[in-house]
Structure formats: structure tokens, C-alpha cells
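K.L.:
Return atomic coordinates for the entry below.
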Amino acid sequence: MLKPQIDVYMGCDASWERARTVLFGAPFDSTTSNRPGARFGPAALRRESYGLEQYSPYQDRDLSDCAVLDSGDLELPLGSADLALQVIKERTEEILQAGKRPFLLGGEHLVTLGAFRAVFEHYPQVCVIHFDAHADLRQEYLGVELSHACVLRRCWELTGDGRIFQFGIRSGDREEWRWGKSHVSTHPFRLDGVEELVDSMAERPIYFTVDLDVLDPSVFPGTGTPEPGGVSFQELRRAVTLVCSRCNVVGCDVNELSPPYDPSGVSNAVAAKIVREMLLALDRKETA
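P.N.:
Numbers count the residues shown, from 1 in each chain. Okay, here's the model as predicted:
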């Protein structure tokens, strides 16, 4: 008898026809400005998932009851951000055109842009909910506009003002903070205000991007640019569950797990469990 395939995130082996959410990995970290290694994140997250249960006592739900397909990692040209983003966009478009929700596993945060470009074309009124330690609103970083330090600025160029909502931000240069006050809604340091935002969104399409360095490094050291002063696991778990279960999330991602910087493997487990809670909450929204 064949054993279950373990190259996919646990329990995410629905058929393409049945799946409502499709996971895919983007192992890319070519623009990482501090410590590279996020390209190993998707594979580590999948491996770690097999040390966890499919059942969540927080939500009383089980992944075995959800229609999720893990379609594996993309093969990306690591030397070209432009080409990598195009490959990510094409996979996202394929998922959207089939009437399914794309769920991207990074990789560095720039990978969000490839997926968001496709989502924006499909849902022109989409808003962005962004959890992160960093504003990622720079016009350029060391002369490069396609950088993980600029990804939300590139998204803003599509959405315009008033449609990007940031939480947990505690790092950025002075110009980012000043520019952001006029163009995006920033809730610094904590995740306060998420519930009020969710209540105001109704059924408006949402792209939800989670940079795991929003967590405090004491909880999540396995990331390329750790920032002290972050949120706890429970704070993040509650917030992602709220967004995924009550918003019309049409696309999402989790990124910036960099396994080489946490030999204990704890960061892998944290990331895998956050993904589990998001998947279960998304399914709860759809089956409600």
C-alpha cells in the first residue's frame, strides 16, 4: 500500500477539480538585503508540517475536511527578479482562472508582487491587508526597485491610495514613514485595529500578505531581517484567523521563513502552524 505523499503540506492533497485553495511555493530570495535563506522556506515548512496535527483545537477544524491542493514549488530563475515574478504571476493566473484561491508560500517578500499583479487584474477593487515588521514602502533600495524592501510600494502603484492596510510595522527609514502617512493606513507596532478593519471590509476582495517577521524574534528567529519588539504567536494566530474567516480573501501569502537561522526548527513549526490556521479559517469562511 502506498503511503501518503510527504512533499506536500500535510492534508493538502485534494484533486485540482475539488480544490478551493491551491498552495504553491516560490523559493526565491535573490533581493534579500540582510541574510539570505528564505528560498528554503517552502520546503522546510512542508517538512515541518508532518510533525504537527491536521486538527486545530483553536478552531475545532481539521485539514482532512478541507479542499486544499498543494501544487508544489515553482522552478524560478534566481538571477532575475523580473522573470521570477512573471513565473509567479502565471501560476497565480492559472489558479484564479480556474475559480480557485491562490495561497503562496515564500520565499522573500518580493514574491508577493508576482501574485498580487495577477490578483489585481482579476479583482481591480482588491485591497491589501499586510502584516509585517517592515513597511516595505521604499521607492528603491540600493538603486533597485524590485526589492523585498519595496514590494508594498510596487503594490501601491497598482491600487493607489487608501487600499493598503499595514499592521505590526516597527521598522523603516524616515522617508518611508513620512510617505506612508499620506498613502497607506499604518498601524504601527501591534495588530490593534484588525477587527475594526475586518468589520469595515464587508465582502470587498482582499489580498492578505503575512511577513512572518511581524513576530518577535524570541518567537521566530528564523528570518532574514529580525526586528525586536514584535507580536506573540497567539496574537498573530488570532489575527490571521480573524482575517481569513471573516474577509473575502481572494489571494494570500506567508513569507520570509529562513530556516538556516534557527537550527532548533522552532521557526519552521511556527510558520507551519500559522499556515494551518489560515487554511482552516479560509475553509470556514467558504463553508459557512
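
K.L.:
Report how many residues lie close to residue 284.
P.N.:
Applying other C-beta atoms under 10 Å, we find 17 residues neighbouring residue 284. Heads up, the C-betas are built off the backbone N, CA and C, glycines and all.

K.L.:
and it, that's in a helix?
P.N.:
Yes - assignment of residue 284 by DSSP: H, G, I helix; E, B strand; the rest coil places it within a helix.

K.L.:
Just the element for residue 72, please.
P.N.:
strand 68-73 (DSSP states H and E).

K.L.:
now swap in residue 117 and tell me
P.N.:
Residue 117 is located in helix 111-122, with elements delineated by DSSP H and E.

K.L.:
can you list contacts of that helix?
P.N.:
26, 28, 84-90, 92-93, 96-97, 102, 104, 106, 126, 128, 146, 151, 154-155, 158-159, 205, 207, 209, 250-251, 253, 255 (C-beta atoms under 8 Å, 6 or more residues apart in numbering).

K.L.:
From those residues, which land in strands?
P.N.:
Using DSSP state E to define strands, the subset of the contacts of helix 111-122 located there is 26, 102, 104, 106, 128, 205, 207, 209, 250, 251, 253, 255.

K.L.:
sorry, back to before: could I have the helix holding residue 117 exported to PDB, CA atoms only?
P.N.:
The C-alpha trace of helix 111-122 is given here as PDB (Å, rounded to 0.1, in the frame of the first residue of the first chain):
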ATOM      1  CA  VAL A 111       7.400  37.200  -4.300                       C
ATOM      2  CA  THR A 112       4.100  38.800  -3.200                       C
ATOM      3  CA  LEU A 113       4.300  41.200  -6.200                       C
ATOM      4  CA  GLY A 114       4.000  38.500  -8.800                       C
ATOM      5  CA  ALA A 115       0.900  37.000  -7.200                       C
ATOM      6  CA  PHE A 116      -0.600  40.400  -6.500                       C
ATOM      7  CA  ARG A 117      -0.200  41.500 -10.100                       C
ATOM      8  CA  ALA A 118      -2.400  38.600 -11.200                       C
ATOM      9  CA  VAL A 119      -4.900  39.100  -8.400                       C
ATOM     10  CA  PHE A 120      -5.200  42.900  -9.200                       C
ATOM     11  CA  GLU A 121      -6.000  42.100 -12.800                       C
ATOM     12  CA  HIS A 122      -8.700  39.600 -11.700                       C
END
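
K.L.:
The spatially closest residue to residue 258 that is not a sequence neighbour and residue 193, how far apart?
P.N.:
In space, not counting the residues next to it along the chain, residue 258 is nearest to residue 37; the distance is 3.8 Å by C-beta to C-beta, 6 or more residues apart in numbering. For residue 37, the distance to residue 193 equals 32 Å [C-beta to C-beta, to the nearest Å].

K.L.:
Compare these two and say which one has the larger neighbour count.
P.N.:
Legend: neighbour count by other C-beta under 10 Å for residue 37 and residue 193, higher for residue 37 (20 against 12).

K.L.:
Tell me how far that one lies from residue 115.
P.N.:
From residue 37 to residue 115 the distance is 21 Å (C-beta to C-beta).

K.L.:
returning to that earlier point: touching, the residue nearest to residue 258 and residue 260? I think so.
P.N.:
Yes - in terms of C-beta atoms under 8 Å, residue 37 counts as a neighbour of residue 260; the distance is 4.3 Å.

K.L.:
Return the helix or strand in this protein with minimum mean pLDDT.
P.N.:
Within the chain, no helix or strand scores below helix 266-287, which has a mean of 93 by mean pLDDT, DSSP states H and E.

K.L.:
quick one: that one to strand 101-106, angle?
P.N.:
Orientation check (axes from the mean of the first three to the mean of the last three C-alpha atoms, to 10 degrees): helix 266-287 against strand 101-106 gives 170 degrees.

K.L.:
on contacts alone, who are the packing partners of helix 266-287?
P.N.:
strand 21-26, helix 41-49, strand 55-56, strand 61-62, strand 101-106, helix 233-246, strand 248-255 (3 or more C-beta pairs under 8 Å, 6 or more residues apart in numbering; DSSP states H and E).
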